[in-house]
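1. sequence unknown, structure follows:
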């Protein structure tokens, strides 16, 4: 399936061609502006709207990797290249897309031929027929060097350490779910939002109480409370840990948080510090979900004790401004260096977003992602960052 993006800055330009109705075999995404990140994994970009000076530079820097289908009248300040094609009508656009599709199919066929090893006479005859087969479409003419398909084995993450995930809880949890599928280590996910616990809902688990028989009952008999109670009573964590955590998968355990809001202000930093030390002896990788507000001991201690802190927000003005202010407050008031904090911005479709260049200017090389949230890509980037920090 071809991945196609359409730059249409106003609705009239978009409706004039109704590009999304051209074929069910193409995957479309409408763009309201053009950035470097928009080119990843894209086969073609249809340009219906005039380009800004910055967008002109982006297009000319990407001429070797992407096909550009440009509406007549849109000025492209670029040398003539084989992957720049112009159209005036919807039929011409459809014809251009069909040509790209045929090229794509041909590349796949050639890679298949090059990697196949015949094991019988029938295989040899079949491959010979494929090699001698000519493209049936009269408009086909190779425009780009054939893409080579890579055979990639299962990716694995080897990073270790403790990570605080702050802000968007739902995206943080989805990130951990993806990360644990590729990790070589046993992972613990802690619900550290003391006023708004969410792990039971996110993982669809009704039973939040532990199997430990204690004077703590009901909503107090949850993982984090039992752990802290055991530490105060000098009970070794290794004796009870299997009965306290919830084994979600073979590689992921959950530690439920606080469901009694009366406990909120009664956790002390010293016992929490011991808790993290004990848990680090049992798990090589620990994630803790935190609220974006920094008023309780657990949140502040987690930010200090973690190897890295990952702040997750939307790519809008209010979230960008908030996280920028937070990074300054944490450094000046809490002594948490900005170099320890990393940022993931999710770009919502249809929402006015702050440009990636602005975000990278504000947060420099601490930005993990600033485009529509992809758990696999963010998890991979997070693994690389954590490997460098630990």
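-> Received the coordinates, thanks. What you see is a predicted model; the values in this text were computed from it and never measured.

2. Quick check: residue 319 touching residue 313?
-> Yes - between residue 319 and residue 313 there is a contact under Cβ atoms under 8 Å: 3.5 Å. In this view, the C-beta of every residue, glycine as well, is placed from N, C-alpha and C.

3. list residues touching both of those two?
-> Jointly contacting residue 319 and residue 313 under the rule Cβ atoms under 8 Å, 6 or more residues apart in numbering are 167, 345.

4. Now the closest residue to residue 366 other than its chain neighbours: which helix or strand?
-> Counting by Cβ to Cβ, 6 or more residues apart in numbering, residue 366 lies nearest to residue 342, which is 5.1 Å off, once chain neighbours are set aside. Assessed by DSSP states H and E, residue 342 sits inside strand 341-346.

5. what helices or strands is the very next helix or strand once past that strand leaning on?
-> Following strand 341-346 in sequence order, the next helix or strand is helix 356-363 (DSSP H and E). If you count contacts as 3 or more Cβ pairs under 8 Å, 6 or more residues apart in numbering; DSSP states H and E, helix 356-363 packs onto helix 317-334, strand 341-346, strand 367-370.

6. other SSEs contacting the shortest one?
-> In this structure, strand 367-370 packs against strand 341-346, helix 356-363, helix 375-389, with contacts taken as 3+ Cβ pairs under 8 Å, 6+ apart.

7. Going by neighbour count, which residues of the longest one are buried?
-> Of the residues in helix 375-389, those buried under the neighbour-count criterion (16 or more other Cβ atoms under 10 Å) are 375, 378-383, 385-386, 389.

8. Max pairwise distance over those residues: which two?
-> Largest separation among the buried residues of helix 375-389 by Cβ to Cβ: 375 and 389, giving 20.5 Å.

9. surely the residue nearest to residue 366 meets residue 312?
-> No - using Cβ under 8 Å, residue 342 is not in contact with residue 312, being 9.8 Å away.

10. that older thread, nearest to residue 288 among the helices and strands packed on helix 356-363 would be which one?
-> Of these, nearest to residue 288 by Cβ to Cβ is strand 341-346, at 14.7 Å.

11. Compute the inter-axis angle for that closest one and helix 375-389.
-> Here the directions of strand 341-346 and helix 375-389 differ by 170 degrees (axes from the mean of the first three to the mean of the last three Cα atoms, to 10 degrees).

12. what about stretch 214-224, how long is it end to end?
-> Stretch 214-224 stretches 13 Å from its first residue to its last (Cα to Cα, to the nearest Å).

13. For that stretch, buried residues please.
-> 216, 219-224.

14. again, but for stretch 66-73
-> For stretch 66-73, burial by neighbour count (16+ other Cβ under 10 Å) applies to 66-71.

15. Kindly report the same for stretch 188-206.
-> Within stretch 188-206, the residues scored as buried using 16+ other Cβ under 10 Å are 188-194, 197-200, 202.

16. Could I get those in CSV, plus columns for secondary structure?
-> Putting those into CSV (DSSP: H, G, I helix; E, B strand; the rest coil) gives the following:
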residue, secondary structure
188, strand
189, strand
190, strand
191, strand
192, coil
193, coil
194, coil
197, coil
198, coil
199, helix
200, helix
202, helix
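
17. Out of the residues you listed, name the two that are farthest from one another.
-> Taking Cβ to Cβ, no two of those sit farther apart than 188 and 194, at 17.5 Å.

18. For the protein, give me the ranges with low pLDDT.
-> For the chain, residues meeting the criterion pLDDT under 70 lie at 1-2, 19-26, 41, 62-65, 77-82, 103-155, 350.

19. Break it down into its domains, please.
-> 1-147, 161-389 (automatic domain parsing).

20. Out of those, which one sits most buried?
-> Mean neighbour counts were compared across those using mean count of other Cβ atoms under 10 Å; the top stretch is domain 161-389, at a mean of 18.

21. Now do the strands in the chain.
-> Assigned by DSSP state E, the strands in the chain fall at 2-7, 26-31, 44-47, 67-71, 84-87, 161-167, 187-191, 246-249, 252-255, 285-290, 308-314, 341-346, 367-370.

22. Wait, residue 170 touches residue 202, no?
-> Yes - under the criterion of Cβ under 8 Å, residue 170 makes contact with residue 202 at 7.1 Å.

23. follow-up on the earlier one: now the helices and strands packed on strand 367-370 in CSV, please, with extra columns for distance to residue 97.
-> Output for those, formatted as CSV (distance: least, Cβ to Cβ, whole Å):
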stretch, distance to residue 97
strand 341-346, 30
helix 356-363, 28
helix 375-389, 26
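
24. For residue 184, which of those is the nearest?
-> helix 375-389 (10.4 Å).

25. quick one, that closest one and strand 285-290 angle?
-> Counting by the same axes, to 10 degrees, helix 375-389 points 110 degrees away from the direction of strand 285-290.

26. This completes my enquiry, with thanks.
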